[in-house]
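*Asks:* can't give you the sequence, but here's the structure:
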Ligand SMILES: [Zn+2]
């Protein structure tokens, strides 16, 4: 989601992972590898808390009393805050969680600086210190970028004929992100994505997966839709690629024709790709193929050689997300010249290396992926880019220091308790559902009970000791960290699944549900204000983080999650009658969110956002019920005014709304509606509340008013 679009998250390739915020993978078009990490010596000194940025917290004085809560609750809660917090020139948006982003980054910066300054540092402390140094030393990056890039360009120049493709592609996949990852749209790596994938039919095992990829733009529409907006972006993309080739030393004429070649190849890949709504159906992306079948589909590509070079042993089968995509690879191999292919591979080298070179490359990359695509005028300051990069490359080494500063044991205990309460509420709800058969309820309860909840950070930290980090070559450091992670990922193929592993680093402001692992995961980074405080009142905590917890819990039962059983297997455990009733109920939500967004000139596809919207609606409802139960047990009413003049029920909704206050640049908002399954922040507030009778009760809203949707949709 845009308002907090600053973290880079990771997920396994087309794994069934559902995040709270935005695409699980992507930030300004640069996908940095995100490794969680492990056991060596934790790190350095702690940040001094007096220098940390102040976090936002809901306060009754922020309510805009000139607005009617029953007309537009988002404006009622957020307009005062938004009016006094303009979007910074280096961000695509501003939101009440942005101070938290800065807070988390400041803690990481202090840790990195201390590690860099400590001459005696060894182990992971030395690694993060050197990584930081190599990123922060701009003059060295400017002076040495050509030297750093040259070995990669030499490798591309060694591509003489298409027979070299497996070797050169394996090289790119090992050295640059993100072949083993995938998002709602595709893998963001040259030609295709390859990596471990949890077997949809046997969730205990990791198998090999091949995904559509080879496209640098965020989603298929950017290549295929003939609107003025997309045509304009394609023209800018061509200019951007031309400039990148020129920065690498090509004359401008040649660079222009190279850009055209890349666009043609990427467009051919887009035409053969599966769209992001179809990809939501796990059955559609589960296509078993033997090695022989891969060879039949793409006879001009030596699969054995590619697998050997990336370190993948032989396996009985591969899961191919889009079988038709393989035909497109063969077609391009057959029809494109060797020169065209070399150009395409060279583009991906420049594209992926740009953020790790000197200022011209980095700025040009940002001008397209940050400014043209997201409308952000300026890059973040260097230190913040370096913190983000270090978190991506050596995340669990840094995460240990973050947790020691920002996530005390009491916070962990209280967060665990909140999650437990909300899950108990879901179990009670399931028992009382009027649209589900008893046998299905039994299965739903078993699944709910089997879910593993993970709070804050991993029990066991990753060991980065094999990663060679040097103080004076930023690009090589990223390459080394990437290769380490790719090997670690590919090693998982053919082995049992590890449910305790985290897909996000501890300081990440996000949360996720993993339907195949059957886990819900809340990093320490989001267990902070404005979402949560170990000392806040229950209504505030349940309204903000409670909804987040409910959201992730409901993902296990949304349009995708419900297709997986307690063990994480893709298995239909619903009776036909239940499934039909579920679809009818969910259609209410799909219809409600299929809408024009006139201020941005785009239309939201309610089918793309259905899972997230269902989770928002259900999550909010669960959090409210859990709070009601607590008040009932205490013999107290949610509807009596308390010390601040608000009832607990009102504070619950205000705290919820406030945690989502956000203002986005139009480019960023359009980008999100097109490629991201999460609704815009203001819709994440107003739509679920308009479906909530408890909200009507809190603010006295009546049928016919804008905040009372007709009919009020409810699945969970
Ligand atoms: Zn979600």
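*Replies:* In hand now; what should we look at? None of these values were measured; they are calculated from a predicted model.

*Asks:* Near the residue of the stretch 101-250 of the chain found nearest the ion, how many other residues are there?
*Replies:* Residue nearest to the ion within the stretch 101-250 of the chain: residue 184 (11.3 Å; CB to the ion). C-beta here means a position set from N, CA and C on the backbone, and glycine is covered the same way. Neighbourhood size, residue 184 [other CB atoms under 10 Å]: 22.

*Asks:* What is the neighbour count of the residue nearest to residue 161 when sequence neighbours are not counted?
*Replies:* Among residues not flanking residue 161 along the chain, residue 338 sits closest, at 5.4 Å (CB to CB, 6 or more residues apart in numbering). For residue 338, the count of nearby residues is 14 (other CB under 10 Å).

*Asks:* what about this structure, any weak spots by pLDDT?
*Replies:* 1-50 (pLDDT under 70).

*Asks:* tell me, which helix in it spans the most residues?
*Replies:* helix 606-633 (DSSP state H).

*Asks:* From the chain's centroid, how far away is it?
*Replies:* Between the centre of helix 606-633 and the centre of its chain there are 21 Å (CA atoms, centre = their mean, to the nearest Å).

*Asks:* what's downstream of that helix, the next helix or strand?
*Replies:* helix 648-659 (DSSP states H and E).

*Asks:* who does the first helix or strand past that following helix going along the chain pair up with?
*Replies:* Per DSSP H and E, the first helix or strand lying C-terminal to helix 648-659 is strand 662-664. If you go by DSSP bridges, strand 662-664 pairs up with strand 93-95 (antiparallel).

*Asks:* any idea how far residue 654 is from residue 57?
*Replies:* Distance, residue 57 to residue 654, by CB to CB, to the nearest Å: 11 Å.

*Asks:* more crowded one of the two?
*Replies:* More crowded of residue 57 and residue 654, by other CB under 10 Å: residue 654, with 26 against 17.

*Asks:* Might you report the residue contacts of that one?
*Replies:* By CB atoms under 8 Å, 6 or more residues apart in numbering, the contact list for residue 654 reads 58, 60, 63, 77, 543, 646.

*Asks:* and the fourth one, what is it in contact with?
*Replies:* Right, residue 77. Contacts of residue 77 (CB under 8 Å, 6+ apart): 62-64, 69, 654, 657-658, 661, 685.

*Asks:* Is my assumption valid that it occupies a position in a helix?
*Replies:* Yes - assessed with DSSP: H, G, I helix; E, B strand; the rest coil, residue 77 lies in a helix.

*Asks:* That one: what's its closest spatial neighbour, skipping adjacent residues?
*Replies:* For residue 77, the closest residue by CB to CB, 6+ apart turns out to be residue 657, at 3.5 Å.

*Asks:* my guess is that neighbour meets residue 73, correct?
*Replies:* Yes - Residue 657 lies in contact with residue 73 (CB atoms under 8 Å); the separation is 5.9 Å.

*Asks:* List the residues that contact residue 371.
*Replies:* residue 377.

*Asks:* any idea how far residue 543 is from whichever residue of the stretch 301-450 of the chain sits closest to the ion?
*Replies:* Closest approach between the stretch 301-450 of the chain and the ion, counting by CB to the ion: residue 422, at 14.8 Å. Separation of residue 422 from residue 543 (CB to CB): 12 Å.

*Asks:* Where does the residue of the stretch 301-450 of the chain closest to the ion sit, in terms of helix or strand?
*Replies:* helix 409-432.

*Asks:* Done for today, thanks.
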